[in-house]
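Novice: here are the coordinates; sequence isn't available:
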């Protein structure tokens with residue numbers, strides 16, 4: 001896979017990195033990444049993956065751009081209000097890097113369509129804002145054997161982890177699933193929505209950028225990913241904490257509770 005002169009200049013700072021270089025940049029150009037959500041988290045994920053030269057970015061979002069989104073969803077502008085987010089995102093990527101192909105999926109991801117969507121990509125970045133989607137994505141990634149980088153944000157806090165539950169660790173113990181970490185979603189109404197609780201806009205940029213970093217590391221095969229580790233970020237104190245977690249044999253996806261799990 002060769003690069004044009006424009007690409008060589010565009011990716012010059014990658015090409016001089018021994019950890020990336022020509023072979024690494026070729027991996028990025030050949031990669032297909034599915035991003036769930038073109039909102040607060042998806043915006044920086046999509047922007048940095050496109051800037052890095054990821055060859056194909058799939059974007060799943062069935063929403064339209066609202067004025068209240070622009071405080072944090074920096075992929076979109078004022079003139080995009082009312083447009084489908086996948087269309088607005090595709091235009092933003094084309095303006096940033098014309099060498100990146102965007103595949104828009106203007107649908108709501110659910111257990112019925114998740115597995116087919118996920119299977120067409122190499123890795124998934126989930127920036128969705130609801131538990132139903134997060135569980136559908138994580139289950140689909142398990143069955144399709146695709147790495148998942150999933151993130152979430154609150155008012156002033158965020159979290160991030162990497163999942164490969166279809167593989168085992170060096171000692172033969174299965175890697176944890178999303179359901180090992182969060183066996184079941186919280187009862188409805190316990191966690192307020194972004195519209196109800198509010199959110200500091202720049203927080204989504206911080207967590208989304210870290211999410212893009214994890215995706216790029218996985219594609220390049222460099223560094224240590226957040227497999228079996230949950231990164232917690234407190235923006236008010238600017239404190240970063242990493243908690244380890246492991247496989248739960250009673251988890252409802254791959255453990256003893258699998259028969260009762262609604263995995264679709």
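Specialist: Here it is on my side, so go on. Only a predicted model underlies this, so the values are computations on that prediction, with no experimental measurement involved.

Novice: quick check: bridge partners of the residue nearest the centre of the chain?
Specialist: What sits nearest the mean C-alpha location of the chain, by Cα atoms, centre = their mean, is residue 125, with 1.8 Å. Per DSSP bridges, the residues bridged to residue 125 are residue 35, residue 149.

Novice: then residue 161?
Specialist: residue 150.

Novice: identify the residues contacting it.
Specialist: 149-150, 181, 226, 229-231 (Cβ atoms under 8 Å, 6 or more residues apart in numbering). For every residue, glycine as well, the C-beta is placed using N, CA and C.

Novice: show me which positions of stretch 110-117 end up buried.
Specialist: 111, 113-115, 117 (16 or more other Cβ atoms under 10 Å).

Novice: how long is it end to end?
Specialist: With Cα to Cα, to the nearest Å as the measure, stretch 110-117 spans 10 Å from end to end.

Novice: immediately after the helix or strand of the chain with the lowest mean pLDDT, which helix or strand?
Specialist: For the chain, using mean pLDDT, DSSP states H and E, the weakest element among its helices and strands is helix 194-197, scoring a mean of 81. If you walk from helix 194-197 toward the C-terminus, the next helix or strand you reach (DSSP states H and E) is helix 201-220.

Novice: for that following helix, packing partners?
Specialist: Packed against helix 201-220 by the contact rule (3 or more Cβ pairs under 8 Å, 6 or more residues apart in numbering; DSSP states H and E) you find helix 21-30, helix 42-52, strand 123-126, strand 148-153, strand 157-163, strand 229-234.

Novice: quick check: pLDDT value at the residue lying closest to residue 205 once chain neighbours are set aside.
Specialist: Of all residues not flanking residue 205 in the chain, residue 44 sits nearest, at 5.1 Å (Cβ to Cβ, 6 or more residues apart in numbering). Turning to residue 44, the model gives it a pLDDT of 98.

Novice: ok, residue 44 - contacts?
Specialist: Contacts of residue 44 (Cβ under 8 Å, 6+ apart): 74-75, 204-205, 208-209, 211-212.

Novice: which member of those is positioned nearest residue 24?
Specialist: residue 212 (15.4 Å; Cβ to Cβ).

Novice: report how many residues lie close to residue 146.
Specialist: 21 (other Cβ atoms under 10 Å).

Novice: confirm for me that it is in contact with residue 124.
Specialist: Yes - judged on Cβ atoms under 8 Å, residue 146 makes contact with residue 124 at a distance of 5.7 Å.

Novice: quick check: neighbours shared by those two?
Specialist: residue 118.

Novice: hmm, back to that, want to throw the helices and strands packed on helix 201-220 into JSON lines with distance to residue 171?
Specialist: Output for those, formatted as JSON lines (distance: least, Cβ to Cβ, whole Å):
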{"stretch": "helix 21-30", "distance to residue 171": "29"}
{"stretch": "helix 42-52", "distance to residue 171": "32"}
{"stretch": "strand 123-126", "distance to residue 171": "25"}
{"stretch": "strand 148-153", "distance to residue 171": "22"}
{"stretch": "strand 157-163", "distance to residue 171": "18"}
{"stretch": "strand 229-234", "distance to residue 171": "16"}
